[in-house]
Structures are given as C-alpha cells and as structure tokens.
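>>> Below: sequence and its predicted model.
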Amino acid sequence: MELSGREMALNILNDIFNNGAFSNIAINSNLDEGLSNKEEGFVREIVYGVLENNIYLDYIISKASKIKLKKIHPIILIILKIGIYQIIFMDRIPISAAVNESVNLAKKHGHKGTIGFVNGMLRNISRNKDEFMKVEAKDKIDYISIKYSHPKWMVKRWIKEFGEEFTEKLCKENNKSPQLNIRVNTLKTSKKKLKEKLMDYGFTVKDTKYANDSLIVENPIRITETSEFKMGHFIIQDESSTLVGQIMDPKPGSTIIDCCSAPGGKATHLAQIMNNEGRILSQDIYEHKLKLIEENAKRLGINIIETSILDGTKRDDSLVNLADYLLLDAPCSGLGLIRRKPDIKINRKEEDIAELVELQYTILNNVKDYLKIGGILIYSTCTIEKDENINMINKFLEENKSFKLVNIEDKIHNSQNIDTLKHGYIQLFPHIHNTDGFYIVKIIKER
Ligand SMILES: C[S@@+](CC[C@H](N)C(=O)[O-])C[C@H]1O[C@@H](n2cnc3c(N)ncnc32)[C@H](O)[C@@H]1O
C-alpha cells in the first residue's frame, strides 16, 4: 500500500529519533521513488521542520498535555510534532488537514485513547495558537534554547564564547534552509559556461562572495540529474569547503597528503587547482569511504588521486618528509552544519567535543612529520567551536615552534566580514557569512 507523505515523514523521524539514524540516510531509505518534486519537498519540509524545531515542539506539547512528555508513546509523540509543526509553521496547510491527517496516523499506529489524545491536543493548540507559541523562560539561555531549539549546553557554551546577541542570531540562522552551492570543475568547463548552461535549464544561478570556483543555485531540485553533473562539470560543495583549496593554492606537480579525505570534496578541488598534475595521497580510516573519493575523482576526470586506508593517529614512516602540502580536514563536532543537518542538535553531546579535540590533536601531531621543510599545512573543520579550532591550533603552535601562521590576504579577493586573513585563518559563521560554520588555518613548517 502506498504511504502518504506524512506517514513517510513519520517513518523517517522515527528512524532518526528512536533508531539513531542520520537525517540524510533516513530520508533516502524511506522516500518512495515515484514521488513528484512537490511531494518530496513536502516530506522533506516536515522532516527538517520537526528536527529544527524539536525542543520548541516538545515545549508546546508539555504546555498542552496533562500526560508527561516522557510518558507519551514515541510514535504518538512524533505524530503530534508533525501535526503541530504544520499548524504553527506551514500556513498553506489548512488546520483541518493537519489535524485530520494526524488523527489518521494515530488510528493506524495507536489505539482508541491515543486517537482522542492526538485529536484533543491538536484542536486545543490550533484554537489557542498564540498562547501556546509564547515562550516563557527563566533566563536567556533557556529562552534561546526553547525558541530556536538548540540544546542548553550548546547555547550556554556559545553565550560564553560569543555573547548573547551573537548566539541568538546564530541559532536563528541555524534554523533556516541554506542555499545550495556547487563547485565548478574547471578541468572540464568554465564558471561562465556552466552558469549559462544551468540558467538555460531554468536554474537560478548566482556568484558566491568568497570562493572563486563556486556558484549558488537557488532552485536546485534534481540538479544532479543534469548531464552537466553526470559529465563531471560540477560537484556539490559548500563555499566554505571550497575555500580550503583556494587558501592552500597548491602548485601543479606538487605532492599533497590529505589525511582525512573522504568523500574527496577537497582532494578533487586540489587536483583541479593543480591542473591534474602531481600526486594527491588521499587517506581515510574507513575503507568503504575510499570508494566515494574514487567515484568523485572518476566523474570529475581526475587521475592524480591515490587512495589508501590509513588511521591518521598512527605513524607511517614511508610518508615522513614527503608532502609539499598537508591537509588535515579533521573529524569534528560539525556544529557549523546545523542548517544542513539539524539532527546534529539532537545527537551531538557536549562530551563529544573534548574527545574530538583529543583526536584532532593526536592526528595533527602525528601527520605534521609528513611535511617537508617549507611545506604548507592546512587544518580545517566544519565547526565553530573554539576548542576544536583556534584554541587547538594555538596550543599546537606553542608546542611546535618551527610551525608559523601564513598571511592569506592574497587568497581571498573579498574580505567582507573577515578580518583575520593577515593572521592566517578564517572562522566563518552562517549568520554572518551565509556559509557553513567553518574554520581554516594556513601554517608553514619553517624548519
Ligand atoms: C570532515 S570529514 C573529511 C571530508 C573530506 N576532506 C572532504 O572534503 O570530502 C573527516 C573524515 O575523517 C575520517 N576520519 C575519522 N577519523 C580518522 C582517523 N583517525 N584517521 C583518518 N581519517 C579519519 C572520517 O572517516 C571522515 O571521512
């Protein structure tokens, strides 16, 4: 039997909330293939909307329900969230449809009592919407946490690091949908040609602010089905990630070690900048991920990437003093990616950060020996956490006096809202730079 869009959303959210699945994987495995763009968009909107507003939806349910949140059956709780999300955030959906369809889901997945419960709750909330939407919090941390659905530990940490006003703007932005960025494969086409071609198909395409090889596509539905994608004229990559290659700016013929390389977004860009001349040793700890690098390289027409499994924490003597350039695009907390992966707000725990910092530092201390004297190290993460970024790098520089920051003012033509280029690094934020939250630092090994 065919499932309705709302039921697909229910199954996806159940996989994420109750089975620990990642949002993109849960979506791909639950979406029916025959869905139209509109139907698929509807399912995605509900799934991402519920994930983005999860704490706020819990808050509204707690206000409206006599039964404690923890006592509500997990499936019924998701059905309520889907219903409330439509009532509050999806103006185009008639209230009656939001309520009746949720009641139908409750009929299928619950019993008589839960049907009445869902019906009563949703009708009450829709009648007294403004009252239920009001956030009454004991302090600013609580307020931001509920209103923008970020866990308290995250809000507390960010307020301490960046201040209240900054944190509120960041959390608000984290709940918006990011624009899709693509990176032009200049080995096969030019930015101008690709832009014209995509506009001919009806896509709205704009230039990005900081990255030379990137474009923004405003209505990207099914863009990976174009022949330009299949022919390898572009790859999906956020502008921030594209800046890694731009800042490294390796010379053709160089040897690069990319020690956390999968799925190869940055390695393939480096190959492109080197005009597909030289050697890129792409390593990752997971064998299955190496295939992704190889597939990307093949589609993009790149043949200088050599993949291998290697744990970055373990020394490989054969690599010592080999690299002209070294990239450590480290495993990180991903807190800069919340706009794309709202489940990070649900699954990431504060304790993870200290563990990740330890891993990042261990890898960095190990792979630094792979660089030749005079070689360039780029360290990058998709997080905004200072401990994983500037604090860790400062400690590394303190303990490794032969490594020095390199001025990168000549690598980014537009320095709007970036005032650290001369100090060798950038920290991007979604609400300021309209990119993923991202950190990149450039370091030279002098001796
Ligand atoms: C941020 S992702 C890299 C993204 C990649 N550079 C790109 O641009 O497509 C971090 C990668 O580090 C890998 N990784 C995690 N722990 C590792 C370790 N100890 N040694 C090597 N790779 C590791 C993960 O499998 C993951 O693919």
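It's in. Keep in mind the model is a prediction, meaning the values are calculated, not measured.
>>> Get me the contact residues on the protein for the ligand.
Proximity of the chain to the ligand, by CB under 6 Å from any ligand atom, involves residues 241, 259-266, 284-286, 289, 311-313, 329, 331, 363. Glycine gets a C-beta too; all of them are placed from N, C-alpha and C.
>>> Name the residues of the lowest-mean-pLDDT helix or strand in the chain that are buried.
Every helix and strand of the chain was ranked by mean pLDDT, DSSP states H and E. The lowest is helix 23-30, at a mean of 90. By 16 or more other CB atoms under 10 Å, the buried positions in helix 23-30 come out as 23, 26, 27, 30.
>>> Name the next helix or strand downstream of it, please.
helix 37-52 (DSSP states H and E).
>>> got the contact list for that following helix?
Residues outside helix 37-52 that contact it (CB atoms under 8 Å, 6 or more residues apart in numbering) are 5-6, 8-9, 12-13, 16, 23, 26-27, 31, 35, 57, 78, 81-82, 85-86, 89-90, 149, 174-175, 177, 221-222, 342-343, 345-346.
>>> Counting neighbours, what do you get for residue 349?
10 (other CB atoms under 10 Å).
>>> Could you do the one 10 residues further on as well?
For residue 359, the count of nearby residues is 16 (other CB under 10 Å).
>>> Next, the buried residues of the host helix or strand of it.
Using DSSP H and E, residue 359 maps to helix 350-367. For helix 350-367, burial by neighbour count (16+ other CB under 10 Å) applies to 353, 356, 357, 359, 360, 361, 363, 364, 366, 367.
>>> and if you look at stretch 369-378?
369, 370, 371, 375, 376, 377, 378.
>>> Looking at those residues, which is nearest the ligand?
Taking CB to the nearest ligand atom as the measure, the ligand lies nearest residue 378 of the buried residues of stretch 369-378, at 10.5 Å.
>>> The helix or strand containing the closest one - what's its average pLDDT?
Remark: residue 378 resides in strand 371-381, with elements defined by DSSP H and E. Mean per-residue pLDDT for strand 371-381: 98.
>>> angle of the next helix-or-strand element following that strand against helix 350-367?
Downstream of strand 371-381, the next assigned helix or strand under DSSP H and E is helix 390-399. Calculated by axes from the mean of the first three to the mean of the last three CA atoms, to 10 degrees, helix 390-399 forms an angle of 30 degrees with helix 350-367.
>>> mind saving the C-alpha coords of helix 390-399 as CSV?
Below are the C-alpha coordinates for helix 390-399, written out as CSV (Å, rounded to 0.1, in the frame of the first residue of the first chain):
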residue,chain,number,x,y,z
ILE,A,390,41.8,28.4,17.3
ASN,A,391,42.5,27.1,20.8
MET,A,392,43.8,23.8,19.5
ILE,A,393,46.0,25.5,16.9
ASN,A,394,47.4,28.0,19.4
LYS,A,395,48.4,25.0,21.6
PHE,A,396,50.0,23.3,18.6
LEU,A,397,51.9,26.4,17.6
GLU,A,398,53.1,26.9,21.1
GLU,A,399,54.4,23.3,21.3
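>>> any idea where the helices of the stretch 51-200 of the chain begin and end?
In the stretch 51-200 of the chain, the helices defined using DSSP state H, counting those that start in this stretch lie at 54-64, 74-89, 95-109, 112-127, 129-133, 140-147, 152-162, 164-174, 191-200.
>>> can you list those helices in a markdown table and add mean pLDDT?
Putting the helices of the stretch 51-200 of the chain into a markdown table (pLDDT from 0 to 100) gives the following:
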| stretch | mean pLDDT |
| --- | --- |
| helix 54-64 | 97 |
| helix 74-89 | 97 |
| helix 95-109 | 95 |
| helix 112-127 | 95 |
| helix 129-133 | 96 |
| helix 140-147 | 98 |
| helix 152-162 | 98 |
| helix 164-174 | 98 |
| helix 191-200 | 98 |
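>>> Mean neighbour count added to those helices, as JSON lines?
Supplementary listing: the helices of the stretch 51-200 of the chain in JSON lines, determined by neighbours: other CB atoms under 10 Å:
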{"stretch": "helix 54-64", "mean neighbour count": "19"}
{"stretch": "helix 74-89", "mean neighbour count": "23"}
{"stretch": "helix 95-109", "mean neighbour count": "18"}
{"stretch": "helix 112-127", "mean neighbour count": "17"}
{"stretch": "helix 129-133", "mean neighbour count": "13"}
{"stretch": "helix 140-147", "mean neighbour count": "19"}
{"stretch": "helix 152-162", "mean neighbour count": "17"}
{"stretch": "helix 164-174", "mean neighbour count": "18"}
{"stretch": "helix 191-200", "mean neighbour count": "15"}
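>>> In space, not sequence, find me the middle residue of this protein.
Central residue of the chain (CA atoms, centre = their mean): residue 337, 2.9 Å from the mean position.
>>> In a strand, that one, correct?
No: under DSSP: H, G, I helix; E, B strand; the rest coil, residue 337 falls outside any strand and is assigned coil.
>>> how close does it get to residue 445?
30 Å (CB to CB, to the nearest Å).
>>> And for residue 132?
To residue 445, residue 132 is 58 Å away according to CB to CB.
>>> so residue 297 makes contact with residue 265?
No: taking contacts as CB atoms under 8 Å, residue 297 lies outside contact range of residue 265: 11.0 Å.
>>> And this structure, what are its domain boundaries?
The chain breaks down into these domains under the TED database: 5-134, 180-236, 239-445.
>>> Okay, now the longest one: how far is its last residue from its first?
This means domain 239-445. Using CA to CA, to the nearest Å, one end of domain 239-445 lies 27 Å from the other.
>>> do the same with stretch 401-409
Termini of stretch 401-409 sit 23 Å apart (CA to CA).
>>> Stretch 227-245 now?
Separation of the first and last residues of stretch 227-245 by CA to CA is 25 Å.
>>> where along the stretch 201-350 of the chain do the strands fall?
In the stretch 201-350 of the chain, the strands defined using DSSP state E, counting those that start in this stretch lie at 205-207, 214-217, 234-236, 255-258, 279-284, 305-309, 323-329.
>>> Adjacent strands (with direction) for the second one?
Spelled out, that is strand 214-217. strand 180-184 (antiparallel), strand 205-207 (antiparallel) (DSSP bridges).
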